[in-house]
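Engineer: Quick one, what's the 3D model for this:
(2 chains)
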There are 2 protein chains.
Amino acid sequence: MDVFEALFTRRSIRKYSDEAVSDADVETMLKAAMLAPSAMNERPWAFVVVRDAEIRAALSEATPYVKMAAHAPVVIVVCGDLNEEKAKGHWEQDCSAAIENLLLAARGLNIGTVWCAVHPEPERVGNVRRILAIPEHVIPLGLICAGHPAQPFAEASRFMPERIHRERW
Amino acid sequence: MDVFEALFTRRSIRKYSDEAVSDADVETMLKAAMLAPSAMNERPWAFVVVRDAEIRAALSEATPYVKMAAHAPVVIVVCGDLNEEKAKGHWEQDCSAAIENLLLAARGLNIGTVWCAVHPEPERVGNVRRILAIPEHVIPLGLICAGHPAQPFAEASRFMPERIHRERW
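Structural biologist: Here you go, the predicted structure:
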């Protein structure tokens, strides 16, 4: 798939077919995630790949907007490991870039995803931490549901030229 | 270009040829950036596109690691507008996803980029804010230098299987 097709037709997919997502596809998504740039090349990311239905059901209650985790064949929780930080305060940017790479790799595989926010809401972080036994020095940033889509990919219209400033604000 | 070639061969490019970066290419990069997902679709991003050599020279002193801004044909400062936030505390994730889209679109155009961190270092934020007259409710997150590369794109080896956990941590 052309990179611009992937960039321009990626959208949040919340409904999935029963088709399995292969381990190879998950690995491709994680490989892409780990190729994101990071501050001082610190690569502070860690991933929890969840297929187990009971754990996904528990995760689906961890935040108000993540019910689809119970129905997605695979859920990937992307975390920042504070022990890996070289440039303090940059893990969130690094891990967000990694998530975006993951979403685009999924789009390239015709796998639909939705990025559900965990950090910085303390209750969501606590719930996900408890369910997945994530240690204190690791912060769950986002929960990605993934599956073959039961709704179409489509290009959104989000170009806002008024947000572009020239030379100065 | 295939999306996986873009994902797997994007790297930081710090040396640029004299070839100009067209306005059309900058617009494509910004369009891709604005198609990133965001919390509650808040899209809190704003962009300052700098071509002026004097302003780029000033920006090149704004952080310790951004000397190449003086030599890149175009610099794009990606900011978060706190007045646009619907989900407080998510602008940094949103804008990081937008930056990653921008970098990948550039790769698809064979334009090289490097993402230089601004936020959360207060001195860097203050310098960029002063040079570009950015208002107080807008935070410069990252400074992207872009140009046709004078060094090769290449695939890095960054896959760390030990960072992948299964079902639980």
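Engineer: what about the nearest residue to A:T63 once chain neighbours are set aside, which SS state?
Structural biologist: Distance criterion CB to CB, 6 or more residues apart in numbering or on different chains; nearest residue to A:T63, sequence neighbours excluded, is A:R124 at 4.4 Å. Heads up, the C-betas are built off the backbone N, CA and C, glycines and all. Secondary structure, DSSP: H, G, I helix; E, B strand; the rest coil: A:R124 is helix.
Engineer: ok, now A:W115?
Structural biologist: Taking three-state DSSP, the label given to A:W115 is strand.
Engineer: could you list every residue that touches it?
Structural biologist: For A:W115, the contacting residues are A:12, A:99, A:103, A:142-144, B:37, B:97, by CB atoms under 8 Å, 6 or more residues apart in numbering or on different chains.
Engineer: Show me the beta-bridge partners of it.
Structural biologist: With DSSP bridges as the criterion, A:W115 is bridged to A:I144.
Engineer: Quick one: residues in contact with the helix or strand encompassing A:F8.
Structural biologist: Element membership for A:F8, per DSSP states H and E: helix A:3-9. Here helix A:3-9 makes contact (CB under 8 Å, 6+ apart) with A:104, A:107-108, A:153-155, B:1-3, B:5-7, B:28, B:31-32, B:35, B:101, B:104-105, B:107-108.
Engineer: what's the spacing between that helix and its chain's center?
Structural biologist: Distance, stretch centre to chain centre, for helix A:3-9: 17 Å (CA atoms, centre = their mean, to the nearest Å).
Engineer: following it, which helix or strand comes up?
Structural biologist: With DSSP H and E setting the assignment, the helix or strand that follows helix A:3-9 is helix A:23-34.
Engineer: packing partners for that next one?
Structural biologist: strand A:45-50, strand A:74-81, helix A:91-108, helix B:3-9 (3 or more CB pairs under 8 Å, 6 or more residues apart in numbering or on different chains; DSSP states H and E).
Engineer: Can you give me the buried ones in that helix?
Structural biologist: Residues of helix A:23-34 classed as buried by neighbour count (16 or more other CB atoms under 10 Å in any protein chain shown): A:25-26, A:28-34.
Engineer: which helices and strands sit right next to the helix or strand hosting A:A146?
Structural biologist: Assigned by DSSP H and E, A:A146 belongs to strand A:138-147. If contacts are counted by 3+ CB pairs under 8 Å, 6+ apart, strand A:138-147 sits against strand A:74-81, helix A:91-108, strand A:112-117, helix A:122-132.
Engineer: mind putting those in a markdown table, mean pLDDT and distance to A:P161 included?
Structural biologist: Listed next are those as a markdown table, based on pLDDT from 0 to 100; distance: least, CB to CB, whole Å:
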| stretch | mean pLDDT | distance to A:P161 |
| --- | --- | --- |
| strand A:74-81 | 98 | 32 |
| helix A:91-108 | 98 | 22 |
| strand A:112-117 | 98 | 26 |
| helix A:122-132 | 98 | 35 |
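Engineer: Kindly compare burial across those and name the winner.
Structural biologist: helix A:91-108 (a mean of 27; mean count of other CB atoms under 10 Å in any protein chain shown).
Engineer: Thanks a lot, catch you later.
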